[in-house]
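> Make a model of this:
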Amino acid sequence: MHPGLWYGKSNEYDVIILDLMLPRLDGLAVLRRLRVAGSKAQVLILTARDGVGDRVKGLDAGADDYLVKPFAFEELAARVRALVRRAYNTKSSLIEVGDLRIDTVSQRVWRGSEAIVLTSREYGLLEYLARRSGEIVSRTDIWEHVYEFDSTAQSNVVDVYVGHLRRKTDRPGLPSLIHTIWGRGYMFGHEP
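Here you go, the predicted model:
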């Protein structure tokens, strides 16, 4: 099986960036097979093919967006952010849960008026939990969405980072926003 197809079928992604010029299997064929397999990921096609017919084929095959090479990295990043918002059915780049605000463009975080400084890993975890606010998120879901596949980290790494995040986001006299649901994972937001 083609590696891109295997990854796409084996994991739940919010966004997939798919180049059409893949070895062994054309990107459009990968896209069609992912859609047949039930993938709900937002797909952004990257390609040098810039004809209207090419764009129409890509979009009709199930792509959600199409970006022609060469492109500016800033535009790619903005399109990915837009697709993530679409995946979570939101329009704003600002996520608000209680008195916590996350600006997904600048990747800045505040609790009330106080800025919170996070590492990139902590930020990724916080944004993922906040986008799923009110839902129970398993450690496996967190691992698959926030960490690399080839990570050699220990099995308790999710718990360790959740602990770091709690210490940085909790404030005296205010309710915690990260709740452990024993045996199931974590819930972000108000007390379950």
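
> so where's the protein shaky on pLDDT?
Scanning the chain for pLDDT under 70 picks out 147-155, 191-192.

> what's the domain layout of the protein?
Structural domains annotated on the chain: 3-87, 94-188, as defined by automatic domain parsing.

> With mean neighbour count as extra columns, can I get those domains in CSV?
Heads up, the C-betas are built off the backbone N, CA and C, glycines and all. Converted to CSV, these look like this (neighbours: other C-beta atoms under 10 Å):
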stretch, mean neighbour count
domain 3-87, 16
domain 94-188, 15
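
> So which residues of the protein form strands?
Ranges of strands in the chain, per DSSP state E, are 15-19, 42-47, 65-68, 94-97, 100-103, 108-111, 114-116, 136-137, 178-181, 185-188.

> So which residues of the chain form helices?
Applying DSSP state H to the chain gives helices spanning 3-10, 27-36, 52-60, 73-87, 120-131, 139-146, 157-169.

> now the angle between helix 139-146 and the last one, please.
Put simply, helix 157-169 runs at 80 degrees to helix 139-146, going by axes from the mean of the first three to the mean of the last three C-alpha atoms, to 10 degrees.

> Identify the residues contacting helix 157-169?
Here helix 157-169 makes contact (C-beta atoms under 8 Å, 6 or more residues apart in numbering) with 100, 109, 111, 116-118, 121-122, 125-126, 129, 139, 142-143, 146-147, 151, 176-178, 180, 186.

> Likewise for the fifth one?
Helix 120-131 is touched from outside by 84, 88, 90, 95, 97, 100, 102, 104, 107, 109, 118, 137, 142, 145-147, 161-162, 164-165, 168-169, 178, 186, 188, with contacts defined as C-beta under 8 Å, 6+ apart.

> Could you do stretch 56-76 as well?
In contact with stretch 56-76 (C-beta under 8 Å, 6+ apart) are residues 17-18, 20, 28, 31-32, 34-35, 42-50, 55, 79, 82-83, 86.

> For that stretch, output the C-alpha coordinates as CSV.
The C-alpha coordinates for stretch 56-76 follow below in CSV (Å, rounded to 0.1, in the frame of the first residue of the first chain):
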residue,chain,number,x,y,z
VAL,A,56,-11.7,21.2,-11.0
LYS,A,57,-10.5,17.5,-11.1
GLY,A,58,-8.8,17.9,-7.7
LEU,A,59,-11.8,19.6,-6.1
ASP,A,60,-14.2,17.0,-7.6
ALA,A,61,-12.0,14.2,-6.4
GLY,A,62,-12.7,15.4,-2.8
ALA,A,63,-10.1,18.1,-2.1
ASP,A,64,-11.2,21.0,0.1
ASP,A,65,-8.6,23.5,-1.2
TYR,A,66,-6.0,23.7,-4.0
LEU,A,67,-2.6,25.6,-3.9
VAL,A,68,-0.4,26.0,-6.9
LYS,A,69,3.4,25.8,-6.6
PRO,A,70,5.4,28.0,-6.1
PHE,A,71,3.6,29.4,-3.1
ALA,A,72,4.4,31.6,-0.1
PHE,A,73,4.7,29.6,3.1
GLU,A,74,2.5,32.2,4.9
GLU,A,75,-0.3,31.4,2.4
LEU,A,76,0.1,27.7,3.0
